[in-house]
Structures are given as C-alpha cells and as structure tokens.
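**Q** Could you work out the structure for the sequence below:
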Amino acid sequence: MITSHIDDFFAKAISLGKGLVLAIVCNTRGSTYSKTGNYMLISEDGHFSSLLSGGCLEGDLIEQAKQVLRKGASSIVTYDLSDEDALWGLGAGCNGVMQIYLHPLISSNNYKPFTLMQEYLIEGKPSVLSIIIDSKNKKNLGLNTVIDQKKFIKSGLSDLLSPHANKQIKRSFSTKNSSLLRIDEDNMSILCVILKPMPKILIMGAGRDALPVIKFCQELGWQVTIQDHRSAYIEEINKEMNVMTCNYSVSNFSENIVLNEFVAGIIMTHHFEHDQNYLRALAKTSIPYIGLLGPKERRNNILLALTEQASSLEGRLYGPAGLKLGGRGPNAIALSIVSQIHQILTNDNLI
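**A** As a prediction, the model looks like this:
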C-alpha cells in the first residue's frame, strides 16, 4: 500500500518507540498560513512532518511539543503573528492570530487519535475527528472520537457529545470544513476536524512523460495509480517510482479498476484509439476531472467518435489538459496538468 508522507513519518517514529505530538490549528483570526483543521506531527527528537506556518513557528512548536510529552498532557499555544516582538522579531507579516492544539501521541493512549484518523483515511472514507480541547473538567481534555457518515467509533467522547456537537459534526460533513464548537453551558470546546482522504489520481499511459506527473502528484500527497497495457512500460515505472501500477488491456481495464474511487483521470497514451477507449470508459464514471493530452482538434475527433457518450463529459473533460502556464517539455506540461487538477479539486472542496 502506498501511504502519505505523514503516515510514513508516523510509522517510522513509533517503530523506534518515539513519542509524538499531534499539532492541530484549532482557531485563527485574520491572515494566517494555515486554517482551522490543518495539522502536523512532531516527534520527541524534534523532527516533524507537514507545516503549520512558513517555517517561522515550527522551531517553537518543537519546544512546546517536548513539554507536552514531558507532562503527558495536551495544551494550547497561541501565536499572534501581527506582534513582531512576540514572534521574536521575525516580521512574518501575516497579521493574524493562530491557536494550535498540541496532543500527545504515546503508547499509553495507543497513539490516538492519529491511529483512528489513519484507519479512515487509508480506507478512503471522509470522516470527522472530534476532540475536546477545553473543559472545566480536566479529565475530559483530549477525549476524542473519529466519525464517518455511516459508522460511529466510540472512544470516550461519544457520551459527552451534546445535540449541539452532533449538529456541528453533521455541518462539517456538509461543508467539508473544520470548525471549533464552544458549548458555554458546559464550558467546553470541541474541535471538529474534517478528514479528507488522499486524492486518488489515475494515469492512463506509462510513458516517460508520466514520470514528472507522478512526482508532482506525490509531492502533494496524492495517491497515484498508473495503468498501461504494455508490461515493459509498467516494469520501467516500477523500477523508478513508488507507485501503484496496473497492467490490464485497454478493453477491460475498467472491469479491474474501481474507477469511481478516483477524483482525477489523466489520459496520456499518445495513441488515438487507446485514448478514445479510455475516454469512453471514463465517460461512464463520476470522476470530476478528466484530462486528455493533445490539441483541441484531436480531442474533438475523439469526442466525435464517442457519439452520445460525449455529452456525459461536459464540464469535466479538460483537453488539452493543463493550465496555460507557458514553458515546454515534460516537466512544464506535468506542472500545468497537476496545477489544473489542484485548482479544480480545491474549487470543488475535494482537497
């Protein structure tokens, strides 16, 4: 199984017996690098995965994380980015306030809630992490659960969830945004973090120009599957890239791959008939982004051959694929394609 950078970081740390801290942005005001729900991991030796700022806060977050691990208790740290003196005179210039919740991930709590988060994310299930970050009853601090729309996992928080909290969780699923809920009558704050699985990208065509597309996708933490009927091409990809590969015929690949699991498909075989057959299969799916390489005239000829199936591609077929960024060569083309996918998925709130 291909995992994300933060999953690999977590697995390595716990294999070495290291404690970690889950740092989550719980509230912001004004202009900030990260927004509510963004998170990172910090290990006890000062290494970390992901960022919550442009690098100006991470040094102090490491020290705060070490204190959390020493005490074995969570805490909230506030950074006023508009106050240069408070931020050691770095002049970050973001002019906002960011509150970050720090939660210890240690063997005694079975590294929860991160292990629960992983279960859902690796399975590709959108979910919500709910965690008590403030309460007049200190025993409630850090209690958490992870919920999807079909199943409820109990891990301590469920008994404390009020109707208001349940409503907030449902709202998170609806809006696909994280939020902080304050329940005044209980003097309690519950952070609801929307957990979105890694976007799954399907590339059809394993030529050399697919390599930079794969690399850019993986840098963004996306999960890539590459399909090609030519076994020699797949063998070369496997030698160079850590990526899921499929070697099915063009005529029956859709019978072996669950296409609707993907949020984007990129057709780049450079073969008219193969591209046509791939596009015909994707036309039957709900994939929101379908990219096709080649000029408009070629795209139009392929669509003409699809006849009535072409109408189902309206609004989601991008051909020629990619934003008009300029530049030439495989790397520039790959950058334009991945940028376009990122733009579409972000606008649709899919990432």
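
**Q** Where does H164 sit, in terms of helix or strand?
**A** Applying DSSP states H and E as the criterion places H164 in helix 163-175.

**Q** The very next helix or strand once past that helix pairs with which strands, and in what direction?
**A** Sequence-wise, the next helix or strand downstream of helix 163-175 (DSSP H and E) is strand 179-183. Sheet pairing for strand 179-183, assigned by DSSP bridges, gives strand 188-195 (antiparallel).

**Q** re earlier: and the helix holding H164, how far out from the chain middle?
**A** 21 Å (Cα atoms, centre = their mean, to the nearest Å).

**Q** same thing with stretch 42-53?
**A** So, by Cα atoms, centre = their mean, the centroid of stretch 42-53 is 17 Å from its chain's centroid.

**Q** who touches the helix or strand where K215 lies?
**A** Using DSSP H and E, K215 sits in helix 210-219. Outside helix 210-219, the residues that touch it by Cβ atoms under 8 Å, 6 or more residues apart in numbering are 201, 203, 224, 226, 237, 240-243, 266, 268, 330-331, 333-335, 337-338. For every residue, glycine as well, the C-beta is placed using N, CA and C.

**Q** So which bits of that helix are buried?
**A** A210, L211, P212, V213, I214, K215, F216, C217, Q218 (16 or more other Cβ atoms under 10 Å).

**Q** try stretch 271-288
**A** 274-283, 285, 287-288.

**Q** List the contacts of that stretch.
**A** 202, 204-205, 229, 250-251, 253-254, 259-260, 262-265, 267, 269, 290, 292-294, 298, 301-303, 305-306, 309-310, 312-313, 316-317, 344-345, 348, 350.

**Q** what pLDDT, on average, does stretch 71-83 get?
**A** Averaged over stretch 71-83, pLDDT sits at 87.

**Q** What segments of the stretch 251-351 of the chain are strands?
**A** Along the stretch 251-351 of the chain, counting by DSSP state E, counting those that start in this stretch, strands occupy 264-267, 289-292, 317-318.

**Q** Quick check: which of those is nearest to K196?
**A** strand 264-267 (14.3 Å; Cβ to Cβ).

**Q** I'd like the distance from that closest one to the chain centre, please.
**A** With Cα atoms, centre = their mean, you get 18 Å for strand 264-267.

**Q** swap in stretch 268-287?
**A** With Cα atoms, centre = their mean, you get 26 Å for stretch 268-287.

**Q** Could you list the low-pLDDT ranges of the stretch 101-250 of the chain?
**A** Low-confidence segments of the stretch 101-250 of the chain, defined by pLDDT under 70: 151-160.

**Q** Many thanks, have a good one.
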